[in-house]
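In: Curious how this folds, go ahead:
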Amino acid sequence: MSKVFQAVLCLAATGAGGVAGAPSAPHPPGCAADDGARGLLVRMVAAYEGVQDYTARLVKDERFGDDVLSQTLDIKFRKPRSIYVGVTDGFGKGRTAIFPSGENDDRVKVKKAVLWAFDASLDPRGSRMMERQHHPITDAGLGYAVAVVDRTIKQAERRGDELVHDNGVELLDRRCTRRIVLSCPTPCPSKPYTVKENDTLWTIAAAAGQDMYVLLHWNRLRGPTGLKAQQQLEIPAYYAPRTELWIDTELELPIKLEMFDRDGQLYERYRYQDLRLNLGIPDSDFR
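Out: Prediction:
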C-alpha cells in the first residue's frame, strides 16, 4: 500500500474509532498534516504527562533465548503507579496481578483462576513474578515505553548519534499513526563493566541507567543474580539497536513498539489496542 494512499485512509479514519478521553475536533487533521517524527517525539512526552489513567488491551511478544513468547493482557493503570493486569491469553492465562501504589508493602497481589491454586503476595522483582517476563509489573505499560524512547533520544543527542528515521504514515487498528525508526550506529556501541562483589543485574542496570533484561539478553546470561566478582560484562549504550514505534497522531502516544537485538532478531513487541484515557478509574479496581 502506498504512503499516499495510507495518508488518504488516515484522513478518513482519524475521526473514526476514537479513543475515550482524547480531544475531538470538528475538522481533525490528516496524517500528512503533522510536523513529522521529531516534533511528534517531543510532544509524546508531554502527551503522556497529561494522562492520569488508562485502560487497554496489550498484546506482547518477548524473546527468551530462541523462543518468542506471547501474552494478551487487559491493563488498567492510574498514576502514580497503581496497576491491574489480567492475562487473557498465553502464559498465565486466567491470572490477575494488582500492584496498588503505596499499599500492600509494595508487593503484588496475585490471584489465580484455578480452584486448587492459591492467591499470593509477591515481590514484583522476585523470581515468581519475573517468570517469562522482561519487566516487573511496576514497569508495565505506556509510561515505561515513553520513558525508554525519551531516554534513547536524549542519549543520542549527548553522543552525537543520528538515530531518528521517519517512515511516514500508516493506518494501524483504524488509527492514524506515524512510524518512526530509531536505529543506532553499527555495531551498536557498548562499554565494558567488571562485576563487583554483591552486584546483581538489577543493581548494575540501575547504576548504568539501563534495563535489567537488556543486560541479561545482551550478555547471554541466565538470570539477574549469581554473578561472580571480576566477571566481565558489556553495557549497551541504547535500550535496543533498533526500535520501531507507531505513534498515534491524534493521541501523540505510541500504540505499537518493536525492538530488535544486535543479531537483528525481534526482542520485544508491544501493541496497545482499545486504548482509553482519563476515565477516572476508582480505587476499587486496584484491590
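In: give the contact list for the residue most central in space within the chain.
Out: The centroid of the chain falls nearest to residue 145 when counting by Cα atoms, centre = their mean (3.5 Å). Contact analysis of residue 145 by Cβ atoms under 8 Å, 6 or more residues apart in numbering lists 254, 257, 270. All C-beta atoms are positioned from the backbone trio N, CA, C, and that covers glycine.
In: Surely residue 43 is in a helix?
Out: Yes - when DSSP: H, G, I helix; E, B strand; the rest coil is applied, residue 43 is found to be in a helix.
In: and residue 198, what are its phi and psi?
Out: Backbone geometry at residue 198, expressed as degrees, to the nearest 10, gives phi 70, psi 10.
In: The closest residue to residue 161 other than its chain neighbours: which element?
Out: Spatial nearest neighbour of residue 161, chain neighbours left out: residue 185 (5.9 Å); criterion: Cβ to Cβ, 6 or more residues apart in numbering. Under DSSP states H and E, no helix or strand contains residue 185.
In: Residue 185 and residue 192, how far apart?
Out: Distance from residue 185 to residue 192, counting by Cβ to Cβ, to the nearest Å: 18 Å.
In: So between those two, which is more surrounded?
Out: Neighbour tally, residue 185 and residue 192, criterion other Cβ atoms under 10 Å: the higher count belongs to residue 185, 14 against 8.
In: Next up, the contacts around residue 201.
Out: By Cβ under 8 Å, 6+ apart, the neighbours of residue 201 are 212, 215-216, 221, 223-225, 227.
In: show me where this protein has strands.
Out: Taking DSSP state E to define them, one finds strands in the chain at 53-64, 67-78, 82-90, 96-99, 108-111, 120-122, 164-172, 175-183, 190-194, 232-236, 242-248, 253-260, 266-277.
In: Quick check: the gap between residue 236 and residue 215.
Out: Relative to residue 215, residue 236 is positioned 8 Å away (Cβ to Cβ).
In: Compute the number of surrounding residues for the closest residue to residue 241 other than its chain neighbours.
Out: Nearest-residue entry for residue 241: residue 188, 4.0 Å, with adjacent residues in sequence omitted and distances by Cβ to Cβ, 6+ apart. Here the count is done by other Cβ under 10 Å, and residue 188 has 17 residues near it.
In: Report whether the expected contact of residue 188 with residue 234 is present.
Out: No - using Cβ atoms under 8 Å, residue 188 is not in contact with residue 234, being 10.3 Å away.
In: Sketch out the low-pLDDT regions of the stretch 1-150 of the chain for me.
Out: 1-35, 113-118 (pLDDT under 70).
In: domains for this protein, by residue range?
Out: 3-186+240-286, 190-236 (automatic domain parsing).
In: Identify, out of those, the most deeply packed stretch.
Out: domain 3-186+240-286 (a mean of 17; mean count of other Cβ atoms under 10 Å).
In: Quick check, residue 224 in contact with residue 212.
Out: Yes - in this structure, residue 224 is within contact of residue 212 by Cβ under 8 Å, at 5.6 Å.
In: anything in contact with each of those two?
Out: Counting by Cβ under 8 Å, 6+ apart, the residues touching both residue 224 and residue 212 are 201-202.
In: if I pick the nearest residue to residue 240 once chain neighbours are set aside, what's in contact with it?
Out: Nearest residue to residue 240 in three dimensions, chain neighbours excluded: residue 259, at 3.8 Å (Cβ to Cβ, 6+ apart). Residue 259 makes contact with 239-240, 242-244, 266-269, according to Cβ under 8 Å, 6+ apart.
In: how about a cut-off of 7 Å?
Out: 239-240, 243, 267-268 (Cβ atoms under 7 Å, 6 or more residues apart in numbering).
In: swap in residue 203?
Out: Per Cβ under 7 Å, 6+ apart, neighbours of residue 203: none.
In: Model confidence score at it, please.
Out: Listed pLDDT for residue 203 reads 97.
In: and it, how far is that from residue 138?
Out: 16 Å.
In: do the same with residue 53
Out: Counting by Cβ to Cβ - residue 53 and residue 138 are separated by 16 Å.
In: and if you look at residue 236?
Out: On the measure of Cβ to Cβ, residue 236 and residue 138 end up 22 Å apart.
In: Residue 272 and residue 255 touch, don't they?
Out: Yes - shown here, residue 272 and residue 255 form a contact pair, counting by Cβ atoms under 7 Å, at 4.7 Å.
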